[in-house]
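[1] With the input below, show me the fold.
(chains A and B)
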Amino acid sequence: AQTVTQSQPEMSVQEAETVTLSCTYDTSESDYYLFWYKQPPSRQMILVIRQEAYKQQNATENRFSVNFQKAAKSFSLKISDSQLGDAAMYFCAYRRYGGGSNYKLTFGKGTLLTVNP
Amino acid sequence: NAGVTQTPKFRVLKTGQSMTLLCAQDMNHEYMYWYRQDPGMGLRLIHYSVGEGTTAKGEVPDGYNVSRLKKQNFLLGLESAAPSQTSVYFCASSYSSRVGGTEAFFGQGTRLTVV
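    Okay, the predicted model is just below:
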């Protein structure tokens, strides 16, 4: 079974600085997808960024980027120019490639990010 | 476009009571899921459905039942609530695609307390 590990239960960053959240995963598959979700205090789960394992190029979305190291099974999230609104719980998630039951997401336990003004 | 809507948003149950959580999506998605979120545990999959009339067990199915009689609805039932089922419950949906790494769209969550 696939597992997703987020080794940092909590992180903090100063406003306008950069922070990196770590995620490692275990899988025997060669094709899969990885996601970072943000959960602010409102509880809503919001997709931040997505990475397809077959793509060597790291995904970026504005201030958010990932460092995807397939051989090391590592998928870290970098937040640049941190803003107060970035404060949230961040979840790393894995999904197998293909349809049917492969669409299930496996989540890490989350990293609580605090942004200090 | 409402997306994924969960009903109710909050509920308090007594041990042994039953209830049904309703999830409705208006995006014509094939796949629907129920997760529970507990502190320090992330989100864990309870049950899921890959199409109307089909359901399957996830990681933590015990004590729950589900039904998908209509494509847009996915119901989660607790027949006899236990304090261990105190949690935040999330419904999610996604569409099927041969090429897409389609993400899941989540509802707002239901906070359930069993006393």
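[2] residues from chain A in reach of chain B?
    Neighbours of chain B within chain A, by CB under 8 Å from any CB of the partner chain: A:4, A:6, A:9, A:33, A:35, A:42-45, A:47, A:50, A:52, A:91, A:95, A:99-101, A:103-110. C-betas here are computed from N, CA, C, even on glycine.
[3] which of those are buried?
    A:4, A:6, A:33, A:35, A:43, A:45, A:50, A:52, A:91, A:95, A:103-110 (16 or more other CB atoms under 10 Å in any protein chain shown).
[4] where does chain B come near chain A, residue by residue?
    B:31, B:33, B:35, B:40-45, B:48, B:50, B:56, B:58, B:88, B:90, B:92, B:94, B:96, B:98, B:101-104, B:106, B:108-109.
[5] In strands, which of these appear?
    Among these, the ones falling in strands (DSSP state E) are B:31, B:33, B:35, B:42-45, B:48, B:50, B:56, B:88, B:90, B:92, B:94, B:106.
[6] Out of the residues you listed, which comes closest to A:Cys23?
    B:Gly42 (11.4 Å; CB to CB).
[7] In three-state terms, label the residue most central in space within chain A for me.
    The residue lying closest to the centre of chain A (CA atoms, centre = their mean) is A:Trp36, at 3.0 Å. At A:Trp36, secondary structure determined by DSSP: H, G, I helix; E, B strand; the rest coil is strand.
[8] Which two of the ones in strands among the residues of chain B next to chain A have the greatest separation?
    Largest pairwise distance in these, by CB to CB, is 24.1 Å, between B:Val50 and B:Val88.
[9] ok, the two, which is more surrounded?
    B:Val50 (19 against 16; other CB atoms under 10 Å in any protein chain shown).
[10] any idea how far that one is from A:Thr111?
    Look at B:Val50 and A:Thr111: by CB to CB, to the nearest Å, they are 30 Å apart.
[11] what angle do the helix or strand hosting A:Met89 and strand B:87-94 make?
    According to DSSP states H and E, A:Met89 maps onto strand A:88-96. Angle between the axes of strand A:88-96 and strand B:87-94 is 50 degrees (criterion: axes from the mean of the first three to the mean of the last three CA atoms, to 10 degrees).
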